[in-house]
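Novice: what's the 3D shape of this:
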Amino acid sequence: MSTSRLPVVQLHNTVFCWTQDKPVLKISELSLFAGEKVFIRGPSGSGKTTLLGLLGGVLTPTDGTVHVLGSDLPRLSPSRRDHFRAEHIGFLFQMFNLIPYLSVIENVVLPLGFSKTRLKKVTAKGTTQEQEALRLLGHLGLNDPQLLKRPVTELSIGQQQRVAAARALIGSPELVIADEPTSALDTEAREAFIKLLFHECDAADSTLIFVSHDPALEPLFDRSLSLPDLNQALAHGAQQKEAI
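Specialist: You can find the predicted model right below:
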């Protein structure tokens, strides 16, 4: 992957602590580039969810910088971070976080009610919100009209996963963040879903950050990063500085 592409994510000496003396995340340098599909691996407790919280502006670092799409997220107010996240980032969660009292289509178009930017991208295609939702669902393997009329709570895990993916992708966000979204699927279903996700990210020119503890998925991605190794980089740098 060429580093001549524009950086979408830049972290520098980024530290996050829940308590003052116990940092859970230490990253000296991290740069992710436009259009990349990046796999970030690490065991439970290694700080994967914390990292995604920082990238989405849900959390702010104890120290260091977090730049996403050129914005210095920690310097934004909480309301501006919320707005930034809605406008530019699509989230795909491990538990999907679908709204049970909304229909499949209503779940998919939900982000467009919070983002004028993503809504404009849909209308610029000359299509309606519902038509774009149906297009995404169809590309992700959900094209049965009867199925789409069911409450999301009646869908299978794999079907719910595809609804959540369509919701994350609608409106072509520049950054798509996936937090262990395939953990409930078998190996064959995981790989098939990831290839569908890649296809839609390519079509929207979205950068994909995919976090998982499953190393078997790594070969599918442009680049793989070990979160424990990233955490160790800052610790190693600090040891060198002390030695000097």
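
Novice: Quick one: mean pLDDT over the host helix or strand of Val66.
Specialist: Element membership of Val66 [criterion: DSSP states H and E] is strand 63-68. The predicted model assigns strand 63-68 a mean pLDDT of 96.

Novice: So for it, what gets flagged as buried?
Specialist: For strand 63-68, the neighbour count (16 or more other C-beta atoms under 10 Å) marks Gly64, Val66, His67, Val68 as buried. Glycine gets a C-beta too; all of them are placed from N, C-alpha and C.

Novice: ditto for stretch 196-207
Specialist: Buried positions in stretch 196-207, judged by neighbour count with 16+ other C-beta under 10 Å: Leu197, Phe198, Glu200, Cys201, Ala204, Ser206, Thr207.

Novice: Among the residues you listed, which are located in helices?
Specialist: Leu197, Phe198, Glu200, Cys201, Ala204 (DSSP state H).

Novice: can you list the residues you listed in JSON lines and add pLDDT?
Specialist: Formatted as JSON lines, these follow (pLDDT from 0 to 100):
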{"residue": "Leu197", "pLDDT": "92"}
{"residue": "Phe198", "pLDDT": "94"}
{"residue": "Glu200", "pLDDT": "90"}
{"residue": "Cys201", "pLDDT": "93"}
{"residue": "Ala204", "pLDDT": "89"}
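
Novice: Among those residues, which one sits closest to Arg162?
Specialist: Closest approach to Arg162 among these (C-beta to C-beta): Leu197, at 9.6 Å.

Novice: The closest residue to that closest one other than its chain neighbours: what's it in contact with?
Specialist: The shortest distance from Leu197 to any non-neighbouring residue, by C-beta to C-beta, 6 or more residues apart in numbering, is to Ala165 (6.0 Å). Counting by C-beta atoms under 8 Å, 6 or more residues apart in numbering, Ala165 makes contact with Leu92, Leu136, Leu140, Pro181, Phe193, Leu196, Leu197, Glu200.

Novice: and the residue positioned nearest the centre of the chain, what helix or strand is that in?
Specialist: The residue lying closest to the centre of the chain (C-alpha atoms, centre = their mean) is Ile177, at 0.3 Å. Ile177 belongs to strand 175-179 when elements are defined using DSSP H and E.

Novice: cool, Leu134 as well?
Specialist: Once you assign secondary structure using DSSP H and E, Leu134 falls within helix 129-139.

Novice: which is the next helix or strand following that helix?
Specialist: helix 145-148.

Novice: Tell me the gap between that following helix and the middle of its chain.
Specialist: Centroid displacement of helix 145-148 relative to its chain, using C-alpha atoms, centre = their mean, to the nearest Å, is 27 Å.

Novice: got it, and stretch 218-230?
Specialist: Taking mean C-alpha positions (C-alpha atoms, centre = their mean), stretch 218-230 and its chain are 15 Å apart.

Novice: cool, stretch 207-223 as well?
Specialist: On C-alpha atoms, centre = their mean, the centre of stretch 207-223 falls 12 Å from that of its chain.

Novice: how about it: buried residues?
Specialist: Applying 16+ other C-beta under 10 Å to stretch 207-223 flags Thr207, Leu208, Ile209, Phe210, Val211, Ser212, Leu217, Leu220, Phe221 as buried.

Novice: Please save the CA atoms from that stretch in PDB.
Specialist: The C-alpha coordinates for stretch 207-223 follow below in PDB (Å, rounded to 0.1, in the frame of the first residue of the first chain):
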ATOM      1  CA  THR A 207     -11.300   3.300   4.400                       C
ATOM      2  CA  LEU A 208     -12.000   0.300   6.500                       C
ATOM      3  CA  ILE A 209     -10.600  -0.400  10.000                       C
ATOM      4  CA  PHE A 210     -11.500  -3.900  11.100                       C
ATOM      5  CA  VAL A 211     -10.700  -5.000  14.600                       C
ATOM      6  CA  SER A 212     -10.700  -8.700  15.600                       C
ATOM      7  CA  HIS A 213      -8.900 -11.300  17.700                       C
ATOM      8  CA  ASP A 214      -9.200 -13.800  14.800                       C
ATOM      9  CA  PRO A 215      -5.800 -14.000  13.000                       C
ATOM     10  CA  ALA A 216      -7.300 -16.300  10.300                       C
ATOM     11  CA  LEU A 217      -8.900 -13.200   8.700                       C
ATOM     12  CA  GLU A 218      -5.600 -11.200   8.400                       C
ATOM     13  CA  PRO A 219      -4.600 -12.400   4.800                       C
ATOM     14  CA  LEU A 220      -7.800 -10.900   3.400                       C
ATOM     15  CA  PHE A 221      -6.700  -7.300   4.300                       C
ATOM     16  CA  ASP A 222      -4.200  -4.800   2.800                       C
ATOM     17  CA  ARG A 223      -2.400  -4.400   6.000                       C
END
